[in-house]
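Novice: Just need the structure, nothing else, for what follows:
(2 chains)
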Amino acid sequence: MSFINYSAREINCKLVYYGPGLCGKTTNLQHIYNKSKEDAKGKMISLATETERTLFFDFLPLNLGSIRGFKTRFHLYTVPGQVFYDASRKLILKGVDGVCFVADSQEERIEANIESLDNLRYNLEEQGYNLDALPYVIQYNKRDLPNAMPLSELSEVLNPNKVPEYEAAAVDGTGVFETLKALAKQVLNELRKGSS
Amino acid sequence: MMNPQMVMYEEELAQLQALTDKLRHDSRSQTILLVDKNGQMIVTSGGSTDLDTTSLSSLVAGNVAATGGIAQVIREDEFTGQFHEGKDISVHMTLVAGRIILVVLFGKDTTHGLVRLRVRKATSELTAVFEALERKAATQSPQQNVFAEITDDDIDNLFND
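Specialist: Next up, the predicted model:
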């Protein structure tokens, strides 16, 4: 749920990175954190296990600059990807303004992608959201790996509605900001539509 | 479908600021935050400049969401209050108007009992402001909304750096 503060002249929006375990959601946020200017970012928080698997969420506040005199602030969250953390995933989706589904391009992870995408749709519906009506982008991550599936095959399975989709290798930053920008634009467009 | 937005206007912000300042004074606490359930900070009173209120807000919201999840699992209504006792600083959290988290950080110069008492008194006044705010936001005409005037160029310009 976006929060518009007319007094402080700020817009705050919540973006959630969703996807199967080890698909690179946290890596996306880490790259954004590392490449953002000091004055544009807050502290990145990772609630993770001792083996650095996300336990509850990662959080990164980001200032994108001003639009018509309003500061735009995006709160980026990841969910824990592992199947058994479903209760936590549902909590993170509350109040979401836009979703990025991070798919793992590796052939052996296609089932995990499908399962996670179904889980996303289901968890959103449980809270009264419809994925098809939310700002939503798909990122095909790990394109740099030799066992990555062809883009057309991934797209056919994971993106039947042809929402904006991006190739990425989050580990070296390829495609990370393109994905974020596309999602942020959709969210701001939605704000505009909602007010007209 | 877009979420109902939460909006904040000058007048209500001033009221909330005054109420939290008074609560901080009356409860002899160090810092008070009003955070919405999604982790957006609304008002802060007191606190040193090096306190990372953005991180704190997000973690508080996560904490309240997690305890709300626990309540669901054990079929309990939402837990309306939480208390974390620290060596030097303790944290008292309460839900206000069902969607706002009132966070009180306090030290040794007050007691949890006093904080709870003052929080209870302040809660009804804060609730009244949030309810008025909700009514105001619902009746505001779209023409008054600045976002209707945003252009594609405005949005593109955000990403030109």
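
Novice: what is the mean pLDDT for stretch B:77-91?
Specialist: Model confidence over stretch B:77-91 averages 92 on the pLDDT scale.

Novice: If we go by neighbour counts, what in that stretch is buried?
Specialist: In terms of neighbour count (16 or more other C-beta atoms under 10 Å in any protein chain shown), stretch B:77-91 has its buried residues at B:82, B:90-91. All C-beta spots, glycine's among them, are computed from the backbone N, C-alpha and C.

Novice: Out of the residues you listed, the closest to A:Ser152 would be?
Specialist: Proximity to A:Ser152 was ranked across these by C-beta to C-beta; first place goes to B:Gln82, at 50.1 Å.

Novice: Name the nearest residue to the closest one, ignoring sequence neighbours.
Specialist: Excluding its sequence neighbours, the residue lying closest to B:Gln82 (C-beta to C-beta, 6 or more residues apart in numbering or on different chains) is B:Met93, at 4.4 Å.

Novice: Please give the element, helix or strand, for that neighbour.
Specialist: Counting by DSSP states H and E, the element that carries B:Met93 is strand B:90-96.

Novice: List the strands paired with that strand, with their directions.
Specialist: Applying DSSP bridges to the sheet, strand B:90-96 is found paired with strand B:81-84 (antiparallel), strand B:100-106 (antiparallel).

Novice: Distance to A:Ile32 for the ones you listed - can I get that in TSV?
Specialist: Compiled in TSV, the strands paired with strand B:90-96 are given as follows (distance: least, C-beta to C-beta, whole Å):
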stretch	distance to A:Ile32
strand B:81-84	30
strand B:100-106	27
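
Novice: B:Gly62: which of the ones you listed is closest?
Specialist: strand B:100-106 (10.8 Å).

Novice: What are the contacting residues of the closest one?
Specialist: Strand B:100-106 is touched from outside by B:23-24, B:27-37, B:42, B:47, B:56, B:60-61, B:64, B:89-96, B:112, B:115, B:119, B:122-123, B:126, B:130, with contacts defined as C-beta atoms under 8 Å, 6 or more residues apart in numbering or on different chains.

Novice: list the buried ones in the helix or strand following it?
Specialist: Moving toward the C-terminus from strand B:100-106, the first helix or strand encountered (DSSP H and E) is helix B:112-139. By neighbour count, and taking 16+ other C-beta under 10 Å as the criterion, the buried residues in helix B:112-139 are B:115-116, B:118-119, B:122-123, B:126, B:129-130, B:133, B:137.

Novice: and if you look at stretch A:138-145?
Specialist: In stretch A:138-145, counting by 16+ other C-beta under 10 Å, buried: A:138-143.

Novice: mind checking which of the strands paired with strand B:90-96 is nearest A:Tyr33?
Specialist: Of all the strands paired with strand B:90-96, strand B:100-106 sits nearest to A:Tyr33, with 25.1 Å by C-beta to C-beta.

Novice: now the closest one and helix B:112-139, what's the angle there?
Specialist: When axes from the mean of the first three to the mean of the last three C-alpha atoms, to 10 degrees is applied, the directions of strand B:100-106 and helix B:112-139 differ by 150 degrees.

Novice: do you know how far A:Leu191 is from chain B?
Specialist: Plainly put, A:Leu191 is 5 Å away from chain B if you go by C-beta to the nearest C-beta, to the nearest Å.

Novice: now swap in A:Pro135 and tell me
Specialist: Per C-beta to the nearest C-beta, A:Pro135 is found 9 Å from chain B.

Novice: how about that residue, what does it touch?
Specialist: With contact taken as C-beta under 8 Å, 6+ apart, A:Pro135 is in contact with A:97-99, A:183, A:186-187, A:189-190.

Novice: close to chain B, is stretch A:26-34?
Specialist: No - residues of stretch A:26-34 are not located near chain B by C-beta under 8 Å from any C-beta of the partner chain, the shortest gap being 12.9 Å.

Novice: Go through that stretch and flag the buried ones.
Specialist: Using 16+ other C-beta under 10 Å as the burial criterion, the residues of stretch A:26-34 that qualify are A:26-33.

Novice: B:Asp50 - how many residues pack around it?
Specialist: Under the neighbour criterion other C-beta atoms under 10 Å in any protein chain shown, B:Asp50 is assigned a count of 5.

Novice: Same question for B:Ser55.
Specialist: Neighbours of B:Ser55 under the rule other C-beta under 10 Å: 16.
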